[in-house]
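> Sequence plus the predicted model coming up.
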2 protein chains.
Amino acid sequence: MSYRPTAKTRARQKAQHESLLKTAVSIVARDGFHGLTISRLARETGIATGTVYKYFDSKAHLCAEVFRRATEREVDMVRAASFPDQPAPCRQRLTDAVTIFAERAILGGRLAYALIAEPVAPAVEQERLIYRKAYAGIFEQLIEEGVETNEFPDQSPSVSAAALVGILAEVLVAPLGRGDAATDQSLLIDPIRKFCLRAIALRETA
Amino acid sequence: MSYRPTAKTRARQKAQHESLLKTAVSIVARDGFHGLTISRLARETGIATGTVYKYFDSKAHLCAEVFRRATEREVDMVRAASFPDQPAPCRQRLTDAVTIFAERAILGGRLAYALIAEPVAPAVEQERLIYRKAYAGIFEQLIEEGVETNEFPDQSPSVSAAALVGILAEVLVAPLGRGDAATDQSLLIDPIRKFCLRAIALRETA
DNA sequence: TAAAGAAGTGAACCATGATTCACATCTATT
DNA sequence: AATAGATGTGAATCATGGTTCACTTCTTTA
């Protein structure tokens, strides 16, 4: 034999993979998954279309990674708000979690819409479900705890958690799909927060 | 001249249009919008593909009509529950509306999923937004009334209405997209109803 | 520097499915 | 029955965009 991939080589490999992913996310942030095509990704990255396939098995895999990359941090933030280091009452943590989600979704703009609401191919939708479940799982755990400590009235944690996800997606993100971006989204945060508190904690304030 | 479309002709035209639409809805009910292709529609209707275009300008138009056809009745049912002939307290009407939506969605099964949650082409998504807005409009009016009569606590009717739509879509219909159909959906109705009542009316029962 | 294994290239290929169109057939009028 | 307008036909055409592949160009090792 006479060639072995070396550290430097593999670093370049990884860097290129990274670069592609970064470009892909930026395309999605601009034009959604709809705008993400292999040839455009190649063009913007400055390589040939075929080369993309040296780094990703298929477009589905690429989309999945883009999705993962863009969503993981979001989920982590919501998780951190739900289960902070400092102890806090469940209703406060719920409020914080909703707030964090909302603020970041608003900040994310087009990207948030792509991740949460944009119509996408079934393969991508599959990935999306994973992250919806991730959010739901966090909420569910929090609600369970709240019910146990009697901070929250008796309820189905799984249903309530899914409902929260639905609320956030529909109220906050779906409007981006329409021209409704006119509305100042930050005005939505407070009503949403209150709505969620009433629904989960049966009270108006944290 | 020597030919003028007559009543009988136009009746046949209309019947054919109707027949196509009916077949299209049935295809969507079986395999979603994903399964609706012009050639399949033609095949199942027993005509040539080209003929479909004598009745629909484009697939987008066809989908829009399918959507309209399948959704209009649903919206009407929810509207009727929200604004019944007999006077009733807003919280009761809210409960009824949610219940009707839920029961019909469960009955609708695959079709409900296609209408509410299935990933679809942007053109169809556009149509979907119209009907989401229709539901939201009904809820909004009802909530407004409830706030005015002090049955419901002060809140943003538009936000609360959108939230309701999100809840129903996510909790009830989205699971159909996964294999979660295992769960008996009718068990979801009561928790959802209670969740919505808490959120909107700040109480647990109608 | 020669050989082997990677990585890069981009035009060709393929799959899907909507849309068209030249032609045949039907229906209503004269 | 002859004709004009309408409708029906379905194979061919288009459009889009993912995927492949024969080939070139690097990298590393001997």
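Alright, I've got the coordinates.

> Just want the most central residue of chain A.
residue A:71 (3.6 Å; C-alpha atoms, centre = their mean).

> from the chain's centre, how far out does whatever helix or strand that one lives in sit?
Element membership for residue A:71 (DSSP states H and E) is helix A:59-82. Computed by C-alpha atoms, centre = their mean, to the nearest Å, the chain-centroid distance of helix A:59-82 equals 5 Å.

> before we move on, what about stretch A:55-62?
The chain centroid and the centroid of stretch A:55-62 are separated by 20 Å, computed with C-alpha atoms, centre = their mean.

> Quote the end-to-end distance of that stretch.
For stretch A:55-62, the first and last residues are 9 Å from each other (C-alpha to C-alpha, to the nearest Å).

> so does that stretch get close to DNA strand D?
Yes. Against DNA strand D, stretch A:55-62 shows contacts by C-beta under 7 Å from any atom of the strand at A:58-60. (Each C-beta comes from the backbone N, C-alpha and C, glycine too.)

> how close does residue A:29 get to DNA strand D?
From residue A:29 over to DNA strand D the distance is 17 Å, taken as C-beta to the nearest atom of the strand, to the nearest Å.

> Backbone dihedrals for that residue, please?
phi -70, psi -30 (degrees, to the nearest 10).

> count of residues packed around residue A:10?
If you count neighbours by other C-beta atoms under 10 Å in any protein chain shown, residue A:10 ends up with 10.

> Could you measure from it over to residue A:4?
Here residue A:10 is placed at a distance of 10 Å from residue A:4 (C-beta to C-beta, to the nearest Å).

> Report the contact partners of the spatially closest residue to residue A:156 that is not a sequence neighbour.
Once flanking residues are discounted, residue A:156 sits nearest to residue B:191: 4.0 Å by C-beta to C-beta, 6 or more residues apart in numbering or on different chains. Residue B:191 makes contact with A:155-156, A:159-160, according to C-beta atoms under 8 Å, 6 or more residues apart in numbering or on different chains.

> Can you tell me which of these end up in strands?
Among the contacts of residue B:191, no member falls in strands (DSSP state E).

> export the residues you listed to a markdown table and tack on distance to residue A:141, neighbour count and pLDDT?
Below are the contacts of residue B:191 laid out as a markdown table (distance: C-beta to C-beta, whole Å; neighbours: other C-beta atoms under 10 Å in any protein chain shown; pLDDT from 0 to 100):
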| residue | distance to residue A:141 | neighbour count | pLDDT |
| --- | --- | --- | --- |
| A:155 | 14 | 22 | 98 |
| A:156 | 14 | 20 | 97 |
| A:159 | 14 | 24 | 97 |
| A:160 | 12 | 29 | 98 |
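
> Helices - which of those residues land there?
In this view, those that belong to helices under DSSP state H are A:159-160.

> which pair in the contacts of residue B:191 spans the largest distance?
With C-beta to C-beta as the measure, no two of the contacts of residue B:191 lie farther apart than A:155 and A:159, at 7.3 Å.

> Which helix or strand contains the residue of chain A found nearest DNA strand C?
For chain A, the residue closest to DNA strand C is residue A:50, as judged by C-beta to the nearest atom of the strand, at 1.6 Å. For residue A:50, the host element (DSSP H and E) is helix A:49-55.

> tell me the mean pLDDT over the longest helix along chain A?
Taking DSSP H as the criterion, chain A has its longest helix at helix A:122-148. Across helix A:122-148, pLDDT averages out at 94.

> Repeat that for stretch A:26-46.
In this model, stretch A:26-46 has an average pLDDT of 97.

> do the same with stretch A:167-185
pLDDT averaged over stretch A:167-185 gives 80.

> List the buried residues for it?
A:167-177, A:185 (16 or more other C-beta atoms under 10 Å in any protein chain shown).

> Tell me, how many residues neighbour residue A:138?
23.

> so what are the domain limits for chain A?
Domains of chain A are assigned by automatic domain parsing as A:1-56, A:66-201.

> most packed of these?
Highest mean neighbour count of these: domain A:66-201, a mean of 19 (counted as mean count of other C-beta atoms under 10 Å in any protein chain shown).

> Neighbour count added to the residues of stretch A:55-62 next to DNA strand D, as JSON lines?
As requested, the residues of stretch A:55-62 next to DNA strand D are exported to JSON lines (neighbours: other C-beta atoms under 10 Å in any protein chain shown):
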{"residue": "A:58", "neighbour count": "12"}
{"residue": "A:59", "neighbour count": "17"}
{"residue": "A:60", "neighbour count": "15"}
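
> Contact distance from DNA strand D - what residues of chain A qualify?
Counting by C-beta under 7 Å from any atom of the strand, chain A sits next to DNA strand D at A:1-6, A:8-9, A:36-39, A:49-50, A:53, A:58-60.

> Which residues are in contact with residue A:159?
B:171, B:188, B:191-192, B:195.

> what sits against residue A:170?
Going by C-beta under 8 Å, 6+ apart, residue A:170 touches B:132, B:162-163, B:165-167, B:169-170.

> Then residue A:59?
residue A:38.

> 10 Å instead, please
A:36-38, A:41, A:52-53, A:121, A:123-124 (C-beta atoms under 10 Å, 6 or more residues apart in numbering or on different chains).

> Likewise for residue A:23?
A:36, A:40-47, A:66.

> Any figure for the gap between it and residue A:37?
According to C-beta to C-beta, residue A:23 and residue A:37 sit 12 Å apart.

> which phi and psi does residue A:32 have?
Dihedral pair for residue A:32: phi 70, psi 180, per degrees, to the nearest 10.

> Can you tell me how far the nearest residue to residue A:84 once chain neighbours are set aside is from DNA strand D?
Nearest-residue entry for residue A:84: residue A:93, 6.6 Å, with adjacent residues in sequence omitted and distances by C-beta to C-beta, 6+ apart. From residue A:93 across to DNA strand D, the span is 41 Å (C-beta to the nearest atom of the strand).

> any idea of the angle the helix or strand encompassing residue A:97 forms with helix A:59-82?
Using DSSP H and E, residue A:97 falls within helix A:90-108. Using axes from the mean of the first three to the mean of the last three C-alpha atoms, to 10 degrees, the direction of helix A:90-108 lies 140 degrees away from that of helix A:59-82.

> Give me the helices and strands touching helix A:90-108, please.
On a contact count with 3 or more C-beta pairs under 10 Å, 6 or more residues apart in numbering or on different chains; DSSP states H and E, helix A:90-108 meets helix A:59-82, helix A:110-116, helix A:122-148, helix A:157-167, helix A:174-177, helix A:186-201.

> any chance of the ones you listed in TSV, plus distance to residue B:206?
Shown next, in TSV, are those (distance: least, C-beta to C-beta, whole Å):
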stretch	distance to residue B:206
helix A:59-82	31
helix A:110-116	32
helix A:122-148	22
helix A:157-167	18
helix A:174-177	28
helix A:186-201	15
